[in-house]
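1. fold the following, please.
(one chain, ligands or ions: 1)
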Amino acid sequence: MKKIFAFLLSASMLLTLAACGGEGGGQTTDTDNIITQPVTKQTSDIKETTENANSDQTTDLAIKAPGKTLVVYFSGSGNTKRVAEIIAEESGADTFEIVPAMPYTDDDLNWRDQSSRVNNEHNDTALQDVELVSTAVSGWEDYDTVFFGYPIWWREASWVVNRFIKDNNFDGKTVIPFCTSTSSPLGDSGKNLSEMAGSGNWTDGRRFTENANETDIRDWVKSLNLE
Ligand SMILES: Cc1cc2nc3c(=O)[nH]c(=O)nc-3n(C[C@H](O)[C@H](O)[C@H](O)COP(=O)(O)O)c2cc1C
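-> The predicted structure follows:
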């Protein structure tokens, strides 16, 4: 009799412990997962956890993600390239250089020579659709802000950028034009490019001299308060 009683007592204790362990352990693990979620986790992981717990947390994380910036530019003789690289460094942006399939030599760029390539192209607009190595930017959709740089040619944006403008969709992007020139202002060049693009929120932009002061470039980028 004593043996039967001892057996029944230990069996019922085992059943009670198993029941408590299952339920209580589960609750502790769930709570720990939510509270100790590392902030460095992938977005998909963060979403998965916070959507179950509190959808407001997912929204907060999305809003705090900084916008991505790209500097797109064409440069015939290096002045615009230098400005573009300083802008990219100051704003933490990626860069994309517009490269003609047939690069311009110094002779090609000699606008004083009536038979130079730039003069031929200037005189015949059909020649201004310059073939480019590529107009496809990897991850283009992910960029929120695009600085767009070019040299001034005959008081307008160099036509070398036209093919890039026509091939890309600027919808939803803030576009900030910038140029370098000997003396001409930015003028209507940014406005004309925005009309050619037909999309994007184009801002006024800024003109720099051929050897623009580095601090001026950096101060301008800071003044834009990106992010
Ligand atoms: C074909 C050609 C036309 C130019 N037309 C002008 C102009 O109308 N006004 C001006 O101020 N500078 C003009 N320039 C000077 C360039 O705008 C200036 O040197 C610019 O910084 C060149 O930039 P890059 O080195 O990036 O090509 C011209 C230069 C070239 C090659």
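
2. for the longest strand seen in the chain, the distance to its chain's centre please.
-> Among the elements of type strand in the chain, defined by DSSP state E, the one spanning the most residues is strand 143-153. From the chain centre to the centre of strand 143-153 is a distance of 13 Å (C-alpha atoms, centre = their mean, to the nearest Å).

3. ok, and for that strand, which residues are buried?
-> Residues of strand 143-153 classed as buried by neighbour count (16 or more other C-beta atoms under 10 Å): 143, 145-153. Every C-beta, even on glycine, is put in place using the N, C-alpha and C of the backbone.

4. tell me the one of those nearest M196?
-> F148 (11.4 Å; C-beta to C-beta).

5. touching, the closest one and I176? I think so.
-> Yes - with contact taken as C-beta atoms under 8 Å, F148 and I176 are classed as touching, separated by 6.9 Å.

6. between those two, what contacts are shared?
-> Taking C-beta atoms under 8 Å, 6 or more residues apart in numbering as the contact criterion, the residues that touch both F148 and I176 are G205.

7. outline the domain layout of this structure.
-> For the chain, the domain assignment from automatic domain parsing gives the residue ranges 2-61, 68-223.

8. which one of these lies closest to the ligand?
-> Between the ligand and those, the shortest separation by C-beta to the nearest ligand atom is 3.1 Å, and it involves domain 68-223.

9. now do that closest one, average pLDDT.
-> Regarding domain 68-223, the rounded mean pLDDT is 98.

10. can that domain be said to contact the ligand?
-> Yes - against the ligand, domain 68-223 shows contacts by C-beta under 6 Å from any ligand atom at 75-81, 109, 111, 118, 151-155, 180-184, 210.

11. all helices for the protein, in order.
-> Assignment of helices within the chain using DSSP state H yields the ranges 2-35, 43-53, 55-64, 79-91, 117-123, 162-167, 189-197, 214-223.

12. give me the buried positions along stretch 215-226.
-> Residues of stretch 215-226 classed as buried: 217, 220-221, 224, 226 (neighbour count, 16+ other C-beta under 10 Å).

13. residues making contact with that stretch?
-> 67, 69, 83, 86-87, 90-91, 145, 176, 206, 208.

14. ditto for stretch 155-166
-> In this structure, residues lying in contact with stretch 155-166 by C-beta under 8 Å, 6+ apart are 72, 74, 76, 98, 100, 104, 121, 128-132, 135, 148, 150-153, 177, 179, 184, 187-190, 192-193, 196-197.

15. dump it to PDB, keeping only the CA atoms.
-> The C-alpha coordinates for stretch 155-166 follow below in PDB (Å, rounded to 0.1, in the frame of the first residue of the first chain):
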ATOM      1  CA  ARG A 155      26.300  78.900 -71.300                       C
ATOM      2  CA  GLU A 156      24.400  75.600 -71.000                       C
ATOM      3  CA  ALA A 157      24.900  72.200 -69.400                       C
ATOM      4  CA  SER A 158      27.300  70.100 -71.500                       C
ATOM      5  CA  TRP A 159      25.100  68.000 -73.800                       C
ATOM      6  CA  VAL A 160      27.100  64.900 -72.800                       C
ATOM      7  CA  VAL A 161      24.800  64.500 -69.800                       C
ATOM      8  CA  ASN A 162      21.600  64.400 -71.900                       C
ATOM      9  CA  ARG A 163      21.600  60.600 -72.500                       C
ATOM     10  CA  PHE A 164      21.900  60.000 -68.800                       C
ATOM     11  CA  ILE A 165      19.000  62.300 -68.000                       C
ATOM     12  CA  LYS A 166      16.700  60.800 -70.700                       C
END
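
16. and that stretch, how far from the chain's centre?
-> Once both centres are worked out by C-alpha atoms, centre = their mean, stretch 155-166 turns out to sit 21 Å from its chain's centre.
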